[in-house]
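whatever this is, show me its structure:
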Amino acid sequence: MEGKMKIMVIQGPNINMLGRRETNIYGVMSMEGIHEQMKTVADQANLDIEFFQTNFEGEIVDKIQECLGEFDGIIINPAGYTHTSVAIRDAISAVKLPTIEVHISNIHQREEFRQKSLIAPVCAGQIVGFGPVGYHLAMIGMIQIFEQIKAIKARSQNNA
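Numbers count the residues shown, from 1 in each chain. Coordinates of the predicted model:
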């Protein structure tokens with residue numbers, strides 16, 4: 001983890017429709033607006049950040065696997081795949097990168113089928129119900145994780 005730390009933001013199905021779909025649940029901010037705010041935070045924290053959105057489960061799995069050796073952490077909103085995708089869960093588990101799951105709505109207050117995340121148990125944390133601000137909170141969480149990793153690394157080098 002030399003130089004700038006790198007975060008990959010993976011957005012699942014229908015996130016590209018934010019601002020237009022079910023604004024009573026997901027609000028009026030677009031995915032692009034969320035990404036612009038995240039880019040601002042990344043710049044302030046001296047982090048590199050990249051964004052990826054797809055409506056296809058296999059492409060999410062591929063992108064997670066491509067992060068190995070290229071990125072230091074993942075922020076993911078698996079959207080509808082949260083509740084169904086063992087494949088995405090297994091990919092996150094396999095790459096062993098710090099991952100934070102984000103949901104704009106509070107999935108625990110929604111329909112019963114949306115209340116169970118298959119993804120959360122293999123993530124460092126889950127942020128739900130704060131609207132687009134949840135992505136900002138995920139950035140803060142990832143920065144904290146990176147600081148902990150750096151501190152552990154420095155401590156182990158000092159003890160060597």
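
quick one: the helices in this structure?
Secondary structure of the chain (DSSP state H): helices at 23-26, 31-44, 57-67, 86-95, 133-158.

and those helices as JSON lines, adding distance to Val102 and mean pLDDT?
Glycine gets a C-beta too; all of them are placed from N, C-alpha and C. Shown next, in JSON lines, are the helices of the chain (distance: least, C-beta to C-beta, whole Å; pLDDT from 0 to 100):
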{"stretch": "helix 23-26", "distance to Val102": "12", "mean pLDDT": "88"}
{"stretch": "helix 31-44", "distance to Val102": "10", "mean pLDDT": "97"}
{"stretch": "helix 57-67", "distance to Val102": "14", "mean pLDDT": "98"}
{"stretch": "helix 86-95", "distance to Val102": "13", "mean pLDDT": "98"}
{"stretch": "helix 133-158", "distance to Val102": "5", "mean pLDDT": "94"}
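
skipping adjacent residues, who's closest to Lys116 in space?
Nearest residue to Lys116, sequence neighbours excluded (C-beta to C-beta, 6 or more residues apart in numbering): His83, at 5.9 Å.

returning to what we had before: let's have the helices of the chain in TSV, adding mean neighbour count.
Formatted as TSV, the helices of the chain follow (neighbours: other C-beta atoms under 10 Å):
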stretch	mean neighbour count
helix 23-26	12
helix 31-44	16
helix 57-67	18
helix 86-95	18
helix 133-158	15
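
returning to that earlier point: wait, isn't the residue nearest to Lys116 in contact with Glu111?
No. Between His83 and Glu111 there is no contact under C-beta atoms under 8 Å: 9.7 Å.

just list the residues touching the closest residue to Arg89 other than its chain neighbours, thanks.
Distance criterion C-beta to C-beta, 6+ apart; nearest residue to Arg89, sequence neighbours excluded, is Leu118 at 4.9 Å. Contacts for Leu118 were tallied using C-beta atoms under 8 Å, 6 or more residues apart in numbering; they are Thr82, His83, Thr84, Ser85, Val86, Ile88, Arg89.
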